[in-house]
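**Q** Need a 3D model of the sequence below.
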Amino acid sequence: MATKGQTTIPFQCRKTRSQAKKQAVLEEKPSRTNRRSRRGVSSQDKPREDPAPRPERPPLSPRKRPSDNTPQDFSPVRTSKCCPSPTKRKKENQPHLIPSTSPKALPLPSLPKSPSPPKALPLPSLPKSPSPLKMTLMKQEALCPIKPSGGKKILGSPERRSLSPTSPWRCSLRTPSPRKQATPLRLQRQDVTPYQSAKKALHTAVPDYLLCREKETRVITDFLEEHTRKQQPGSLYISGAPGTGKTACLTHIMNNMKQSLQSTKMIFVNCMAVKNAQGIFSKVASELSPSSTTPRTAKDASRLLEKQIKSKGPMIILVLDELDSLDSKNQEVLYTMFEWPALPKSRLILIGIANALDLTDRILPRLQSRPKCRPQLLNFQPYSKDQLVTIVQDRLHKATLEGTPVLEPMAVQFCARKVSAVAGDVRKALDICRRAVEMVESDVRSQAVLKPMSPTKGTPTKSPTKSPQTPVPKKVGLSHIASVVSEVYSSRLVASSQQQTIPLQQKLVVCTLLLMLQSGKAKELTLGKLHEVYSRVCKKRQVANVDQSEFLSLCTLVETRGILTLKKAKEARMTKVSLRMEESELEFALQDKVLMSSILKDGIPS
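**A** A predicted model of the protein is given here:
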């Protein structure tokens with residue numbers, strides 16, 4: 001204890017010389033603790049506000065309790081000028097006596113004696129710590145409270161908590177909700193409904209309405225209305241390449257004019273269904289008067305038709321499709337039929353449809369010398385690229401009313417360009433698009449995807465039948481159209497790198513067909529005529545020929561190679577045969593230039 005006349009001083013007498021040097025340096029630069037103490041001294045000068053009452057703390061242990069005799073120093077803490085070691089800190093904390101004459105000593109304020117320490121109180125029981133999930137939700141609510149919007153009360157707002165303290169949301173904080181069970185999945189086939197609707201729309205049958213044929217439709221309608229109203233006979237010859245809409249346009253007009261043509265007798269005959277050219281008379285006679293007996297010979301049928309045409313009665317509209325197949329000696333059948341409208345008191349309106357543009361000029365030159373027998377001409381031009389795009393997109397629009405389009409626009413444009421450059425056949429364009437859709441559909445059918453199953457039953461969930469947008473698993477692109485176009489138009493033999501040898505009989509068929517097409521002006525030949533010339537060529541070459549029953553299967557094998565095309569008829573002899581390749585491609589395909597050149601040089605044998 002300090003005696004009278006002595007004050008406590010810091011213990012500095014045991015410092016070494018090196019510590020004294022450090023003390024001198026530190027005196028020039030005041031330490032951080034000194035600066036804090038100065039700020040504390042300056043802050044004491046200002047009046048302090050009464051702090052808020054603090055909660056009572058548990059009493060100190062007996063060792064740390066201040067004694068009644070120990071003076072309490074409320075002066076600011078003064079730190080030493082140097083940083084002592086931890087062992088020295090304990091000694092510096094103890095008070096030391098210093099002389100009373102020290103200028104730094106300050107008078108101690110007289111403070112009342114501290115009351116006796118209270119008895120130790122038991123520690124309060126703390127609540128049980130919440131679970132991690134509950135703590136996370138409480139933190140999120142405290143950081144980002146949910147503000148109410150409008151008149152509705154939202155979970156997390158003070159109003160909601162006050163009104164419903166036991167809400168389900170509160171219950172979820174106490175006990176975490178169980179995890180939902182995952183929906184089971186199952187491998188299922190993809191939906192191919194868009195492809196089926198697209199294939200239905202891309203049919204080649206007669207449509208409900210025709211596009212891009214307004215001019216031709218108007219000409220045919222005016223011709224029929226004029227002759228039926230005036231009861232005047234006449235003839236119309238419609239020509240055009242295959243697939244340009246000749247038959248479809250005429251059929252559409254006849255269906256629309258049923259009411260105005262009720263008083264007339266309409267007869268529609270496809271000349272490809274007739275066995276020979278003279279059989280057309282018996283066919284028309286049976287259609288005109290089914291109850292009467294059919295004539296035995298073609299001449300008797302022709303005379304009977306002339307009598308019926310001259311007799312009184314309603315106007316007769318006779319439509320002959322594929323008129324160029326009625327090829328006969330000296331074209332007697334065609335001349336006779338075109339002369340019927342020019343007969344006196346005739347009531348026949350004849351409409352002929354064929355592919356040849358110059359049939360009346362080249363095959364029937366005598367009609368030019370007789371103006372009454374000369375028919376009115378109407379030519380159907382091949383479809384252009386823009387017209388084909390319009391037709392295909394209109395067909396696809398019907399299939400895409402309940403979903404997304406199946407064909408990409410670039411694929412339709414590519415198909416239209418290719419078809420218009422070759423023939424302008426709209427049926428070929430529709431077939432290519434439909435074939436491409438079938439190709440993509442087969443790919444999609446072979447794939448399986450994971451689909452959720454219904455929770456109640458073990459069956460996969462099905463989408464509603466009529467959905468606003470039906471998704472398409474895979475669209476028909478440019479590559480699909482290109483592959484189909486190459487199969488249709490390109491030569492398989494020329495395109496293939498490994499050439500296969502063609503049998504001799506097939507070579508003779510191809511050479512004979514090329515010889516007949518070069519000698520004549522027709523682009524198609526009947527199978528019966530081709531077999532006759534083929535037999536002569538084989539006899540001249542001393543090669544055994546096949547009979548007519550096997551000749552059709554022989555030509556079918558050549559067709560599978562992509563060299564020729566067959567148009568089947570009811571009778572095998574009347575099947576139309578045409579080439580699909582040029583002469584230069586045939587030389588490369590046959591790999592026998594000597595045989596082909598010798599047959600072409602000799603000509604058709606007699």
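**Q** Show me the shaky parts of the chain.
**A** Low-confidence segments of the chain (pLDDT under 70): 1-18, 20-130, 139-183, 401-403, 448-451, 453-471, 490-500, 521.
**Q** What helices and strands are in contact with the lengthiest helix in it?
**A** Longest helix in the chain by number of residues (criterion: DSSP state H): helix 426-445. In terms of contacts (3 or more CB pairs under 8 Å, 6 or more residues apart in numbering; DSSP states H and E), helix 426-445 is packed against helix 193-201, helix 385-399, helix 409-422, helix 478-489. (Glycine included, C-beta is placed from N, CA and C.)
**Q** Name the residues of that helix that are buried.
**A** 426-438, 440-441, 444 (16 or more other CB atoms under 10 Å).
**Q** so is Gln188 in a helix, a strand, or just coil?
**A** Here Gln188 is strand, with the state taken from DSSP: H, G, I helix; E, B strand; the rest coil.
**Q** ok, it - how many residues close by?
**A** 16 (other CB atoms under 10 Å).
**Q** what are the bridge partners for it, then?
**A** Bridge pairing for Gln188 (DSSP bridges) gives the partners Val449.
**Q** For it, give its distance to Asp443.
**A** In this view, Gln188 and Asp443 are 16 Å apart by CB to CB, to the nearest Å.
**Q** How about Pro314?
**A** 57 Å.
**Q** Wait, a strand at Pro452?
**A** Yes: under three-state DSSP, Pro452 falls within a strand.
**Q** wouldn't it be in contact with Leu185 here?
**A** Yes: contact criterion CB atoms under 8 Å: Pro452 and Leu185 qualify, at 5.9 Å.
**Q** State the distance from Glu438 to Ala198.
**A** According to CB to CB, Glu438 and Ala198 sit 10 Å apart.
**Q** how about Ser292, what does it touch?
**A** Ser292 makes contacts with Ala285, Leu304, as judged by CB atoms under 8 Å, 6 or more residues apart in numbering.
**Q** scratch that, Ile309
**A** By CB under 8 Å, 6+ apart, the contact list for Ile309 reads Ile316, Trp340, Leu343, Ser346, Arg347, Leu348.
**Q** For the residues you listed, work out which two are farthest apart.
**A** Ile316 and Leu343 (12.2 Å; CB to CB).
**Q** Give the residue from these two that has the larger number of neighbours.
**A** Per other CB under 10 Å, whichever of Ile316 and Leu343 has more neighbours is Ile316, with 22 against 15.
**Q** Between the helices and strands packed on helix 426-445, which one is closest to Leu527.
**A** Shortest distance between Leu527 and those, using CB to CB, is found for helix 478-489: 22.8 Å.
**Q** Output the closest one as CSV, nothing but the C-alphas.
**A** Output of helix 478-489 as CSV, limited to C-alpha atoms (Å, rounded to 0.1, in the frame of the first residue of the first chain):
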residue,chain,number,x,y,z
LEU,A,478,-33.8,-28.2,-97.2
SER,A,479,-31.7,-31.4,-97.0
HIS,A,480,-34.8,-33.7,-97.0
ILE,A,481,-36.3,-32.0,-100.1
ALA,A,482,-32.9,-32.1,-101.9
SER,A,483,-32.6,-35.9,-101.2
VAL,A,484,-36.1,-36.5,-102.6
VAL,A,485,-35.5,-34.3,-105.7
SER,A,486,-32.3,-36.2,-106.4
GLU,A,487,-34.2,-39.5,-106.3
VAL,A,488,-36.9,-38.2,-108.6
TYR,A,489,-35.1,-36.3,-111.3
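**Q** by contact count, what packs against it?
**A** helix 409-422, helix 426-445.
**Q** Between helix 478-489 and the shortest one, find me the angle.
**A** For helix 409-422 against helix 478-489, the angle between stretch directions is 20 degrees (axes from the mean of the first three to the mean of the last three CA atoms, to 10 degrees).
**Q** What of the longest one?
**A** Angle of helix 426-445 versus helix 478-489, following the same axes, to 10 degrees, is 130 degrees.
**Q** Contacts made by helix 426-445 with the rest, please.
**A** Contacts of helix 426-445 (CB under 8 Å, 6+ apart): 189-190, 192, 195-196, 198-199, 202-204, 242-245, 383, 388, 391-392, 395, 406-407, 411-412, 415-416, 418-419, 422, 473-476, 480-481, 483-485, 488.
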